[in-house]
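Peer 1: Let's see this in three dimensions:
(2 chains)
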Amino acid sequence: MVELSAILILLALILLLALTFLRRKSPPTFRAIPALTRLSRVIGLSVEDGTRLHVSLGRGGLLSGRGGASLAGLSMLRYLTERTSVSDSPPVATAGDPALAVLTQDTLRAGYQAANAEDLYQPTTGRLSGPTPFSYAAGAMPVLRDENVSANVLMGDFGPEVALLVDAAERARVPTLGGSDDLPAQAILFAAAQEPLIGEELFSAGAYLGAGPAHAASLTVQDILRWALVLVLLGGSVMKLLGMI
Amino acid sequence: MKVISAAFAIAFGLLVLAGYFIPALAPIQAVLIKWAGILLAVSALIGVFNLVIVHGEKIRSREKSNAYSTLLLISLLLTFVFGLALGPGHPIMQGVVNGVILPVEASLMAILSVTLLYAAIRLLRRRVDVMSVVFLLTVLLIVALSLPFAGIPLLGDVLRPWITQVWAMGGARGILIGVALGALTTGLRVLLAMDRPYGGK
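Peer 2: Numbering: from 1, shown residues only, chains lettered A, B, ... in the order given. The predicted structure follows:
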């Protein structure tokens, strides 16, 4: 089993490097994801009408298995900060894990630096809203109500507490776009959010928003590995049916 | 300097990853993860400091709901001082956890169930498509078949397990495989510094 995991990771590594640095003849085409299409519109509206985006990154600890979703959320935060940092109301980011909150501040600063607007950066826009799931949700809810927010972007590791955040946004008449790596949270977002991201769509945002060749390559790697797994699962089923294993 | 720090981060990241597959590297991996744990503990203090600054700013600028911020800071200060003086195992500190934090979180959990019901009702108003209808019908069916008086033989014994253990389980596994592959490629991108959302330009 360990050998299989090592082979899978090695294969993903080689494919990722090859596809990132390989020059493509034509740009990659992706299926439309309504949430990400709407996100592009929301960014423009936020800058134009002087409102701010609330980006919440969940509570996925970086030493836990949930860190991948948090890293995807940080990539999204970086992208949004670069594009909205010069607006009257820059984005505000909340996190439910202390280490993630520190990285949130660093990511916001990096976004301002990349947009050559470092002097506009305010450290208080990156916040730890609470260290436990419900205190995190309770701490993030007033941001939606009190801070002139025009869109609520939830990307990271959330649990059922995400329902409270979406409900608070609904009450403040703020649209929510959200994705989580947690199954119950995905079901809640499907039912409650205006634009939910299901499954791996959480990790594909960078490729859709044009964040660089590495993001597009990682999407292709995911597709290749998914098909390989599908073939392995089907092959295993057929072999079992034939009594070969 | 940034190149050196990135090189160190990549080297140590790969070392920790390799530790899962090469037993000889496991002790080094354990030490590095221990160091990371210490850094994360320090970041908890920084996080609390950040919380104090944000709410202090709210009080100073007399923002809306600054009374809550005042209450939060007073509670934080008292808990911190008593926690340091008495220790986390002291009955008073245990009383604070069992008498304040747990009931508040339980109340939020109760609100959650109402919120979810409300969200399900609003779903068809917000998004009318096949998937929303299937989602709602499945939820209603599973809830109905879970009721104690719904012990109708064929429905409770056959239909419910068939939906939850075949269709739902299959779908959940598919979603989880997608999430795992997404997390894997995201982790590799960050590990190889192809995507570094934090840490400057």
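
Peer 1: residue boundaries of the helices in chain A?
Peer 2: Under the criterion DSSP state H, chain A contains helices at A:2-21, A:34-49, A:67-84, A:98-114, A:133-146, A:162-171, A:183-192, A:205-208, A:213-241.

Peer 1: Output those helices as TSV; include the columns mean pLDDT and mean neighbour count.
Peer 2: No exception for glycine: its C-beta is placed from N, CA and C like everyone else's. Below are the helices of chain A laid out as TSV (pLDDT from 0 to 100; neighbours: other CB atoms under 10 Å in any protein chain shown):
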stretch	mean pLDDT	mean neighbour count
helix A:2-21	90	14
helix A:34-49	88	16
helix A:67-84	91	26
helix A:98-114	92	24
helix A:133-146	92	21
helix A:162-171	93	24
helix A:183-192	93	22
helix A:205-208	88	22
helix A:213-241	92	16
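
Peer 1: With distance to chain B added, can I get the ones you listed in CSV?
Peer 2: Converted to CSV, the helices of chain A look like this (distance: least, CB to the nearest CB, whole Å):
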stretch, distance to chain B
helix A:2-21, 4
helix A:34-49, 10
helix A:67-84, 3
helix A:98-114, 3
helix A:133-146, 4
helix A:162-171, 5
helix A:183-192, 4
helix A:205-208, 7
helix A:213-241, 4
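
Peer 1: Which one of the ones you listed lies nearest to residue B:172?
Peer 2: helix A:183-192 (5.7 Å; CB to CB).

Peer 1: What angle do helix A:67-84 and the closest one make with each other?
Peer 2: Calculated by axes from the mean of the first three to the mean of the last three CA atoms, to 10 degrees, helix A:183-192 forms an angle of 40 degrees with helix A:67-84.

Peer 1: Tell me the helices and strands packed up against helix A:183-192.
Peer 2: Secondary structure elements in contact with helix A:183-192, counted by 3 or more CB pairs under 8 Å, 6 or more residues apart in numbering or on different chains; DSSP states H and E, are helix A:162-171, strand A:176-180, strand A:195-197, helix B:102-126, helix B:169-191.

Peer 1: Which of the ones you listed comes out lowest on mean pLDDT?
Peer 2: Note on the helices and strands packed on helix A:183-192: helix B:102-126 shows the lowest mean pLDDT, a mean of 87.

Peer 1: Report whether the helix or strand following that one contacts chain A.
Peer 2: Using DSSP states H and E, the next helix or strand after helix B:102-126 towards the C-terminus is helix B:130-146. Yes - under the criterion of CB under 8 Å from any CB of the partner chain, chain A is reached by helix B:130-146 at residue B:135.

Peer 1: And helix B:130-146, what does it pack against?
Peer 2: helix B:102-126, helix B:160-162.

Peer 1: Mind doing that once more with 10 Å?
Peer 2: helix A:183-192, helix B:102-126, helix B:160-162 (3 or more CB pairs under 10 Å, 6 or more residues apart in numbering or on different chains; DSSP states H and E).

Peer 1: can you list the domains in chain B?
Peer 2: B:1-86, B:87-126, B:130-201 (automatic domain parsing).

Peer 1: right, and residue B:69 touches residue B:53 too?
Peer 2: No - applying CB atoms under 10 Å, one finds residue B:69 not in contact with residue B:53, separated by 11.1 Å.

Peer 1: These two: who's more crowded?
Peer 2: Under the criterion of other CB atoms under 10 Å in any protein chain shown, the comparison of residue B:69 against residue B:53 puts residue B:69 first, with 20 against 13.

Peer 1: Next, the more buried one: secondary structure please.
Peer 2: Secondary structure assignment for residue B:69 (DSSP: H, G, I helix; E, B strand; the rest coil): helix.

Peer 1: Name the nearest residue to it, sequence neighbours excluded.
Peer 2: The shortest distance from residue B:69 to any non-neighbouring residue, by CB to CB, 6 or more residues apart in numbering or on different chains, is to residue B:55 (3.9 Å).

Peer 1: Tell me the helices and strands packed up against the host helix or strand of that neighbour.
Peer 2: Here residue B:55 sits within helix B:26-60, counting by DSSP H and E. Helix B:26-60 sits against strand A:92-95, helix A:98-114, strand A:126-128, helix A:133-146, helix B:2-19, helix B:66-86, with contacts defined as 3+ CB pairs under 10 Å, 6+ apart.

Peer 1: Going by neighbour count, which residues in that helix are buried?
Peer 2: Using 16 or more other CB atoms under 10 Å in any protein chain shown as the test for burial, helix B:26-60 gives B:29, B:32, B:40, B:43-44, B:47-48, B:50-52, B:54-55, B:58.

Peer 1: Export these to a markdown table and append columns for pLDDT.
Peer 2: Formatted as a markdown table, the buried residues of helix B:26-60 follow (pLDDT from 0 to 100):
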| residue | pLDDT |
| --- | --- |
| B:29 | 94 |
| B:32 | 94 |
| B:40 | 89 |
| B:43 | 90 |
| B:44 | 89 |
| B:47 | 90 |
| B:48 | 90 |
| B:50 | 91 |
| B:51 | 91 |
| B:52 | 93 |
| B:54 | 91 |
| B:55 | 92 |
| B:58 | 90 |
